[in-house]
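Trainee: Pasting the sequence and the predicted coordinates here, then a few questions.
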Amino acid sequence: MKFLFFSLHADLWGHAFPEALVAETLAKAGHDIVYVGCGGSLDEFCVPMSAHGMTMHTPAAERGKVCAECRKRDELIRSNFGLRGPHLSDLLDDEMRQETDRILAMTDRRSLIDLEVDGVAVGRAALYQLMLRRKRLDTDLTDDEFVEYLVELRHAVFALLAGRKLIEREAPDVVVVYNALYSVNRVVCQLAERRGIPQYFMHAGGNLSNRLQTLWIGRGDTFSFFPHLVRKWPEFAELPCSAADLRLITEHFLELLRGRSAFVYSRPKSAGYADARAVFGVRPDQKLLVATLGSYDEERAAEIVGARVHLKPPLFATQIEWVRSLADYVKTRRDLFLVLRVHPREFPNKREGVLSHHARQLQETFSDLPANVAVNWPDQAISMYDLADQTDVFLNSWSSVGKEMALLGIPVVLYAPELAFYPADLGYWGTTLPDYFAAVDRALMDGWKFDRVRRAYRWYVFELARAAVDLGDRYPKRDGPRRSFRQRLVEQIDRRVLPGFEQTWDCATRGSASRSAEQICALFESLSTTVIEIEPPDNQHAGAEQAEEFALRREMLKLANALFPTREAQTKSRLFQTLSRPSHAPESASG
């Protein structure tokens, strides 16, 4: 088989190196690899420049440094992995550049956004990174934003025209990219699919304790990958998990609690006892509901480029409509108190420095609320895991916090199960108003459940371990404070003595074989959607459920001690009691 790896972002080493490992694995299995780099064609502005905190207004000389480093890393991969193929700059000719100029000469903004070339919605694909950077809800761009968009569109058209030439010349059997949502990748993926050529994406795994060592690989993109996993979940939901797999999930959750990763938006869990109920004035006789709002940036960006497709309208068209309905429901219930938790990503945070358009709407909406409704704004610095201790039921839109709270045994209610990237059967749901509020009441009545913890752990194992490819034996790198002494030493040499040493070291020490090689080859050779299809559910031996329960209780005790490390917190916490002694916790206990 011939594989076309469209790999324009070599500077993003945590992406480019694992991608090259996959390409090398296929090459060693006898497949033909065409490896395509950028060659400087995206020098006006690109994803690596954005990752370095730059904008399109950053001086060209500074942007040029990123471009030069990206080319060096591209060459390093080619020379060490024996990969061959053209650069985008080799493929673009004068005729293509002139065609691009003609397209960009259109004065009608709407025409550009709706632009299609060869049946590919290139105008919308070019919006993706801009929508994320600006945290927009719509495509009514300002003049400054439109200037940025024209750069993104130029590069997307470059990628499309060069990709067309490349596909016609090479006739690949499969196209592979890292992150199929990036605009330059998306247009080539769509072009391939329109020609009947399967396209696959890669993305770093979701376990924060070994994120860079694992890869999600699948047909389409992340917005088709996770719904596919949810559909496959019933085949695996009753399978007991091994102690090693359960331990791996606990390690992921402990990283969430520490709040050190750039991909964690909640504050770290307080070491001592934090009385969140007192902060919001919740009476002792009131049950606490926490509504966790999702961030719209990725959702809206994916909707606009066509990656997120709603098969049916959700119960609430917007989250604002949802919280208004919740407020109306709660104001007649003096036995309840509702906290509306705004997603920290809507506000400037450690990854982005932009206030979202949706955040401005929320500020206006929340100006007049019932007495038993309060807002948890990000600047209050309250950890989600402090709220978890005292919350009876979480009400979730689509945030990943839903599965996190289910793992702690706390009931979670959804109003549109298809919006969440986890199975609705981890909690409760209702898709009509009567059913939804009935589900809330049922969740309040049921309370904390051990079986919910077990089911959530199994989902996490399915999502983070079974559905991912493990490259840890070839790329043992960790990000954040979990880095090994050797890794820290290599990074110090790279920064202070020999720039580029870290990447050279990774190439030199990657090893010659991988335990995942057979899995990678089987996935692509069978053209399966994910690795789940090539590894059917195992037949568990007798006693597996008992062994799982014993191991699970041990992991729950780890979580309890990590959440509540002090004697005071352990004494006052309801959640500590249920996690540390689940066999003694009544099934109706509040979480």
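Mentor: Sure thing, it's come through. Numbering: from 1, shown residues only.

Trainee: where does the stretch 401-550 of the chain have low pLDDT?
Mentor: Filtered on pLDDT under 70, the stretch 401-550 of the chain yields the residue ranges 480-482, 538-543.

Trainee: Which residue ranges of it form strands?
Mentor: Assigned by DSSP state E, counting those that start in this stretch, the stretch 401-550 of the chain shows strands spanning 412-414, 428-429, 469-470.

Trainee: so which of those gets nearest residue 435?
Mentor: Among the strands of the stretch 401-550 of the chain, strand 428-429 comes nearest to residue 435, with 8.1 Å by Cβ to Cβ. For glycine as for every other residue, the C-beta is placed from the backbone atoms N, C-alpha and C.

Trainee: Now do the SS call for the residue nearest to residue 160 when sequence neighbours are not counted.
Mentor: Sequence neighbours aside, residue 187 is the residue nearest to residue 160 in space, at 4.3 Å (criterion: Cβ to Cβ, 6 or more residues apart in numbering). Using DSSP: H, G, I helix; E, B strand; the rest coil, the secondary structure recorded for residue 187 is helix.

Trainee: Tabulate the strands of the stretch 401-550 of the chain (a markdown table), appending mean neighbour count and distance to residue 337.
Mentor: Formatted as a markdown table, those follow (neighbours: other Cβ atoms under 10 Å; distance: least, Cβ to Cβ, whole Å):
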| stretch | mean neighbour count | distance to residue 337 |
| --- | --- | --- |
| strand 412-414 | 27 | 16 |
| strand 428-429 | 22 | 19 |
| strand 469-470 | 20 | 44 |
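
Trainee: would a markdown table of those strands with distance to residue 274 be doable?
Mentor: Below are the strands of the stretch 401-550 of the chain laid out as a markdown table (distance: least, Cβ to Cβ, whole Å):
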| stretch | distance to residue 274 |
| --- | --- |
| strand 412-414 | 21 |
| strand 428-429 | 27 |
| strand 469-470 | 37 |
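
Trainee: Can you verify my assumption that residue 510 contacts residue 475?
Mentor: Yes. Using Cβ atoms under 8 Å as the test, residue 510 is close enough to residue 475 to be in contact (6.8 Å).

Trainee: The two - which one has more neighbours?
Mentor: Between residue 510 and residue 475, counted using other Cβ atoms under 10 Å, the more crowded position is residue 475 (22 against 19).

Trainee: Please report the distance of the more buried one from residue 6.
Mentor: According to Cβ to Cβ, to the nearest Å, residue 475 and residue 6 sit 21 Å apart.

Trainee: Which stretches in the chain count as strands?
Mentor: For the chain, the strands defined by DSSP state E cover 2-6, 32-36, 174-178, 199-204, 214-219, 287-292, 336-341, 373-376, 393-396, 412-414, 428-429, 469-470.

Trainee: which of these sits most buried?
Mentor: Neighbour counts averaged per stretch over the strands of the chain are highest for strand 393-396, at a mean of 29; criterion: mean count of other Cβ atoms under 10 Å.

Trainee: I'd like to know which elements that one is packed against.
Mentor: strand 287-292, helix 401-407, strand 412-414, helix 433-446 (3 or more Cβ pairs under 8 Å, 6 or more residues apart in numbering; DSSP states H and E).

Trainee: Sheet partners, orientation included, of the first one?
Mentor: Paired with strand 287-292 in the same sheet, following DSSP bridges, are strand 336-341 (parallel), strand 393-396 (parallel).

Trainee: how about those strands in TSV, adding mean pLDDT?
Mentor: Formatted as TSV, the strands paired with strand 287-292 follow (pLDDT from 0 to 100):
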stretch	mean pLDDT
strand 336-341	96
strand 393-396	98
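
Trainee: Report pLDDT for the residue nearest to residue 160.
Mentor: Residue 187 is assigned a predicted lDDT (pLDDT) of 97.

Trainee: And for it, the neighbour number?
Mentor: Using other Cβ under 10 Å, residue 187 has 30 neighbouring residues.

Trainee: does it really touch residue 163, like I thought?
Mentor: Yes. Using Cβ under 8 Å, residue 187 is in contact with residue 163, at 6.8 Å.

Trainee: Name the residues contacting each of the two.
Mentor: Applying Cβ atoms under 8 Å, 6 or more residues apart in numbering, one finds that no residue jointly contacts residue 187 and residue 163.

Trainee: how about low-confidence regions in the stretch 151-300 of the chain?
Mentor: Along the stretch 151-300 of the chain, the parts satisfying pLDDT under 70 run over 260-266.

Trainee: can you tell me how far residue 282 sits from residue 193?
Mentor: Distance of residue 282 to residue 193, given as Cβ to Cβ: 51 Å.

Trainee: Likewise for residue 65?
Mentor: From residue 65 to residue 193 the distance is 36 Å (Cβ to Cβ).

Trainee: next one: residue 120
Mentor: Here residue 120 is placed at a distance of 9 Å from residue 193 (Cβ to Cβ).

Trainee: do you know which of the strands paired with strand 287-292 lies nearest residue 200?
Mentor: Across the strands paired with strand 287-292, residue 200 has its closest neighbour in strand 393-396 (30.3 Å, Cβ to Cβ).

Trainee: who's in contact with the closest one?
Mentor: Under the contact criterion Cβ under 8 Å, 6+ apart, strand 393-396 has outside partners 287-292, 294, 326, 401-402, 405, 410-415, 420, 427, 440, 443-444.

Trainee: Render the CA-only coordinates of that strand in PDB, please.
Mentor: C-alpha atoms of strand 393-396 as PDB (Å, rounded to 0.1, in the frame of the first residue of the first chain):
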ATOM      1  CA  VAL A 393     -25.900  16.200  41.300                       C
ATOM      2  CA  PHE A 394     -23.900  17.600  38.300                       C
ATOM      3  CA  LEU A 395     -25.900  18.900  35.400                       C
ATOM      4  CA  ASN A 396     -23.700  18.800  32.300                       C
END
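
Trainee: quick one on the thing from earlier: ok, which of the strands of the stretch 401-550 of the chain comes nearest residue 215?
Mentor: strand 469-470 (4.7 Å).

Trainee: Give me the helices and strands touching the closest one, please.
Mentor: If you count contacts as 3+ Cβ pairs under 8 Å, 6+ apart, strand 469-470 packs onto strand 214-219, helix 517-525.

Trainee: Of residue 282 and residue 193, which one has the most company?
Mentor: Per other Cβ under 10 Å, whichever of residue 282 and residue 193 has more neighbours is residue 282, with 22 against 15.

Trainee: Correct me if wrong: that one contacts residue 275.
Mentor: No. Taking contacts as Cβ under 8 Å, residue 282 lies outside contact range of residue 275: 9.5 Å.

Trainee: Pull up the overlap in contacts between the two.
Mentor: residue 390.
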